[in-house]
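Peer 1: sharing a sequence plus its predicted fold:
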Amino acid sequence: MGTAMTDALWAQLQSRVYEVQQQQDLQTAPSRGVFLRAYWGALAWEQVARLQQLRAVLEAEDAGERLYFVQAIDKPTGDAALSSAQVSAALQHLNMTKTGYLIGMCPLFLGMEVRISRILPEPLLTRELPCIVRRMELHPKEPPTPPGAACVVLQYQPLGVLVEVADSDYGQFQVPGDDVPKGHFYVRPVFNKQSAWVFEVAPKQKLRLVRKQVPLAPQRVLTHFGLQGITARSGLVAFLNQPPWMKDGDYGLALYVMLSRATKLSDLWLIGVPERPYFEGFLHEHNKTLVDRMSLFERLSVQNEQAAEKYIQKLLWRGNAYVNRTLGVSGTGQAKRRRLTGKTAVA
């Protein structure tokens, strides 16, 4: 993100641009299966919230399962009441970071890959934990589901959703009191009483609401913030359009975060790609503070490596094969390191 790109590299990047109108639509085969295995990422909740619902519909259709929509319950913290129209508008609020990480309309189907959207009181059930929906305990008052219905908007929140944690290490754990197999947990609706969210019911008129909802969300549709700790080995569909409210300096960094999630260029499908200068000196021009900070850490890294090398020589570790392997030392005795600028330097 800081050096000039070759024409060949720019051409390769352009080859990953996906034009929906010119190629197969996201809903058609065979592209559909590839896209549904990949992560989807965007820079704004205005995109992510809609992609969450779209992906859930496509996945349920592929799985041949009925899709259920769980409606959140929003209540004002004071004496005010919400009208029907305001309740509907609150359900459509897009930014989950503003609503205590509880989604307005939570899509669920049996076998769906989900993630826990907020920290829960049960041990080990942490935010972003990947799970699979195994069973839904519907409310006793829930009306019968129409036969053959592809999707159902539940009238009552379910008593709980039984999920299996995707991580095999959880197979040894079981919550006391829940008669379920090991590695399975009941996720029940929760209130975000400690983090009431602000809802604008009219221009210059706001209410603080508490929300009750099942703390689950689609697993593979995230903002660039949510993608930061993820390696998208199954690919990434990246929506790179710059939101109108995002500053240029933040946009340059967001581009880097998004593009660095995939392990290789062929695993990227890019939508809304900006012009070539955005990938060259853009970050240096618009986020100088960050670039200076990166340069500082590079200098500190060099100093620390030099200090460590002195101790290695004193301890006579240079002839140890394990130490050399750990340090990445070449056959000539030179250690190579990757710098944040993307250049390879010899220590």
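Peer 2: Cool, the structure landed.
Peer 1: where do the helices of this protein begin and end?
Peer 2: Counting by DSSP state H, the chain has helices at residues 7-14, 31-37, 45-63, 84-91, 248-259, 282-286, 288-314, 321-327.
Peer 1: buried sites along the first one?
Peer 2: The one in question is helix 7-14. Buried residues in helix 7-14, counted by 16 or more other Cβ atoms under 10 Å: L13. C-beta: built from backbone N, CA, C; applies to glycine.
Peer 1: tilt between it and helix 248-259?
Peer 2: 80 degrees (axes from the mean of the first three to the mean of the last three Cα atoms, to 10 degrees).
Peer 1: residues in contact with G235?
Peer 2: Contacts for G235 (Cβ atoms under 8 Å, 6 or more residues apart in numbering) come out as 34, 37-39, 262, 267-269.
Peer 1: how about 7 Å then?
Peer 2: Neighbouring residues of G235 by Cβ atoms under 7 Å, 6 or more residues apart in numbering: 34, 37-38, 262, 267.
Peer 1: which residue in these has the weakest pLDDT?
Peer 2: Least confident of these in the model: V34, at 86.
Peer 1: do you know how far it is from G319?
Peer 2: 49 Å (Cβ to Cβ, to the nearest Å).
Peer 1: between those two, tell me which one has more neighbours.
Peer 2: V34 (14 against 7; other Cβ atoms under 10 Å).
Peer 1: quick check: the closest residue to D267 other than its chain neighbours vs L300, distance?
Peer 2: Excluding the flanking residues, the one nearest D267 by Cβ to Cβ, 6 or more residues apart in numbering is G235, at 4.2 Å. From G235 across to L300, the span is 35 Å (Cβ to Cβ).
Peer 1: related to what we said a few turns ago, lowest average confidence across the helices of the chain, which one?
Peer 2: Minimum mean pLDDT among those: helix 282-286, a mean of 72.
Peer 1: number of residues surrounding K182?
Peer 2: 13.
Peer 1: for it, what are its contacts?
Peer 2: The neighbourhood of K182, defined by Cβ under 7 Å, 6+ apart, consists of 171-174.
Peer 1: among those, which ones are in strands?
Peer 2: Per DSSP state E, strands hold no members of the contacts of K182.
Peer 1: possible to save those as JSON lines with neighbour count, pLDDT and distance to S295?
Peer 2: Shown next, in JSON lines, are the contacts of K182 (neighbours: other Cβ atoms under 10 Å; pLDDT from 0 to 100; distance: Cβ to Cβ, whole Å):
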{"residue": "G171", "neighbour count": "13", "pLDDT": "87", "distance to S295": "46"}
{"residue": "Q172", "neighbour count": "8", "pLDDT": "87", "distance to S295": "46"}
{"residue": "F173", "neighbour count": "14", "pLDDT": "87", "distance to S295": "45"}
{"residue": "Q174", "neighbour count": "15", "pLDDT": "81", "distance to S295": "50"}
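Peer 1: which single one of the residues you listed is nearest to L125?
Peer 2: For the contacts of K182, the closest approach to L125 (Cβ to Cβ) belongs to F173, at 10.0 Å.
Peer 1: how about the contacts made by the closest one?
Peer 2: F173 touches 124, 182-183, counting by Cβ under 7 Å, 6+ apart.
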